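Undergrad: Quick one: sequence and predicted model below, then my questions.
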2 protein chains.
Amino acid sequence: MGQAGAARGRPRTFDRDTALAAATRLFWERGYEATSLNELTEAMGIRPGSLYAAFGDKKALFKEVVHAYTRSPVGAFVGVALREEPTAHHAFARILREAAAIYPDPAHPAGCLTISAATNVTVQDTEIAAFLRDLRNTNLAIFQDRLRAAQQDGELPPHADPRALAGYFAAVIQGMSQRARDGADAAELTQIADLALTAWPRHEPGHSG
Amino acid sequence: MGQAGAARGRPRTFDRDTALAAATRLFWERGYEATSLNELTEAMGIRPGSLYAAFGDKKALFKEVVHAYTRSPVGAFVGVALREEPTAHHAFARILREAAAIYPDPAHPAGCLTISAATNVTVQDTEIAAFLRDLRNTNLAIFQDRLRAAQQDGELPPHADPRALAGYFAAVIQGMSQRARDGADAAELTQIADLALTAWPRHEPGHSG
DNA sequence: CTACTTCTTGAGTGAACGCTCTAGAATGTG
DNA sequence: CACATTCTAGAGCGTTCACTCAAGAAGTAG
């Protein structure tokens, strides 16, 4: 986007990625609506005009923040675990335990950006609310697909309900994010993760096949 | 509070409880900050002056809303279950299953008022944020106390960790509230509740205690 | 140099925010 | 009746909101 080629006109005096990172931190801490443009421009070190020229409006900036987040190591761990782990159980165990380590990490605001920002958005801002709801529903569908595949492979017993399990793990993860924002540390969250994993459906004894 | 006695001066033309209920519904839907005085006065059918005369300011109104909520059937079911059920397992099973039925009930906004309103409050409004954090921490402590008592009674096995279990159930309940706000119905939430309950610690076989 | 393009600056936009204030209406008491 | 008291109506307070715009600064192209 303008990197190659002539680069005519006055060059930008701030680093776009650095400014985006500052905006990310702010949205992560406060949510979408509670973050004002005043705070954003101050944290990003630019004036409103520059922000609007570089990112569009507040909504566009937020969407770009979320987009970059879901591609960052901290935001993409769910997808990575689902891709790399051979079994669904391994994948969900890794997801929950990594969430327990990542959510309370003091290197960034507590909890998951998309979950926190989602809860801090109201019905009024229909566009952003829908954007985040779609994101969550997509995640839920991915969970469900993985669990359905596990059931077809025979990893999950026939009596297990992939849809219910997906909702359960989604709920636990959202709850862990909230607990992290309330100050729960990695040890406490790991215990929660381990407890949550004991709900994993086992093949009933006495049945073969 | 002025009910008995002379009742001098012009009497109030609106019903205080009805107005409070309207405010409750609004705060429940939108959270604290996202609910404006304009919306409140419109929903309550009164003018700003009447609101401030009857309830104080916005913060005081919100606190009164939460106070009334925690004493209402919908808001007090946790305490009731802990008080009425003979065992901790019965209590938590009832809490989760009642939450699954209550949170998506279309008779009121989805989810738990204190959880939803809590997530919709930002670091900026320190007073309200602290007020709600205290409420949640109190709930967590109550869970922990009940579970510790169950362990001393021998209901919970010695290897169980009351603190971790309390955090786990708190996280699940918060997650269920969020899922309800996302449109999960009672059936789905009940499945989540039942799955969550399978994590209940059992006495290890082969040990007699 | 001039011409052109793009970015930065900072004042300024209308709207909405929580909240207050005054005028008047509706009740009680003497 | 007069008078004190307490409410309601509605304009309006100062502030903050997301956002815009004109003017000038800083670069390339010829």
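TA: Arrived safely, thanks for sending. The structure presented is a predicted model; accordingly, all values stated were derived computationally and were not measured.

Undergrad: Look up how far residue B:128 lies from residue A:42.
TA: With distances taken as CB to CB, to the nearest Å, residue A:42 is found 24 Å from residue B:128. The C-beta positions use only the backbone N, C-alpha and C, and glycine is treated the same way.

Undergrad: Which residue does chain A have closest to DNA strand C?
TA: Nearest residue of chain A to DNA strand C, counting by CB to the nearest atom of the strand: residue A:9, 1.8 Å away.

Undergrad: so that residue, which of the three states?
TA: Using DSSP: H, G, I helix; E, B strand; the rest coil, the structure places residue A:9 in coil.

Undergrad: next one: residue A:34
TA: coil.

Undergrad: shouldn't it be in contact with residue B:33?
TA: Yes. If you go by CB atoms under 8 Å, residue A:34 and residue B:33 touch, sitting 6.6 Å apart.

Undergrad: so does the helix or strand bottoming out on mean pLDDT in chain A get close to DNA strand D?
TA: Ranked by mean pLDDT, DSSP states H and E, the helix or strand of chain A with the weakest confidence is helix A:113-119, at a mean of 80. No. Residues of helix A:113-119 contacting DNA strand D under CB under 7 Å from any atom of the strand: none, with a closest distance of 13.4 Å.

Undergrad: I'd like to know which elements that helix is packed against.
TA: Helix A:113-119 sits against helix A:16-30, helix A:58-70, helix A:126-152, helix A:162-181, helix B:113-119, with contacts defined as 3 or more CB pairs under 8 Å, 6 or more residues apart in numbering or on different chains; DSSP states H and E.

Undergrad: Pipe those into JSON lines and attach mean neighbour count and distance to residue B:194 per row.
TA: Output for those, formatted as JSON lines (neighbours: other CB atoms under 10 Å in any protein chain shown; distance: least, CB to CB, whole Å):
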{"stretch": "helix A:16-30", "mean neighbour count": "19", "distance to residue B:194": "34"}
{"stretch": "helix A:58-70", "mean neighbour count": "18", "distance to residue B:194": "31"}
{"stretch": "helix A:126-152", "mean neighbour count": "16", "distance to residue B:194": "16"}
{"stretch": "helix A:162-181", "mean neighbour count": "26", "distance to residue B:194": "8"}
{"stretch": "helix B:113-119", "mean neighbour count": "24", "distance to residue B:194": "21"}
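
Undergrad: Distance to residue B:58 added to those helices, as a markdown table?
TA: Output for the helices and strands packed on helix A:113-119, formatted as a markdown table (distance: least, CB to CB, whole Å):
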| stretch | distance to residue B:58 |
| --- | --- |
| helix A:16-30 | 19 |
| helix A:58-70 | 24 |
| helix A:126-152 | 23 |
| helix A:162-181 | 23 |
| helix B:113-119 | 13 |
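
Undergrad: Give me the contacts around stretch A:53-67.
TA: Contacts to stretch A:53-67, defined as CB atoms under 8 Å, 6 or more residues apart in numbering or on different chains, come from residues A:12, A:16, A:19-20, A:23-24, A:27, A:32, A:37, A:40, A:46, A:51, A:113-114, A:117, A:127-128, A:131-132, A:135.

Undergrad: among the residues you listed, which are in reach of DNA strand C?
TA: A:12, A:46.

Undergrad: Now do the least confident helix or strand of chain A: everything it contacts.
TA: Contacts of helix A:113-119 (CB under 8 Å, 6+ apart): A:24, A:27-28, A:31-32, A:62, A:65-66, A:69-70, A:75, A:109-110, A:132-133, A:135-136, A:173-174, A:177-178, A:181, B:116, B:119-120, B:178.

Undergrad: cool, stretch A:148-161 as well?
TA: Outside of stretch A:148-161, the residues within contact range by CB under 8 Å, 6+ apart are A:87, A:88, A:89, A:147, A:162, A:165, A:201, A:202, A:203, A:204, B:191.

Undergrad: pLDDT-wise, what's the bottom of those?
TA: Minimum pLDDT across those is recorded for residue A:204, with 80.

Undergrad: which residues touch that one?
TA: When contacts are counted by CB under 8 Å, 6+ apart, residue A:204 touches A:157, A:159.
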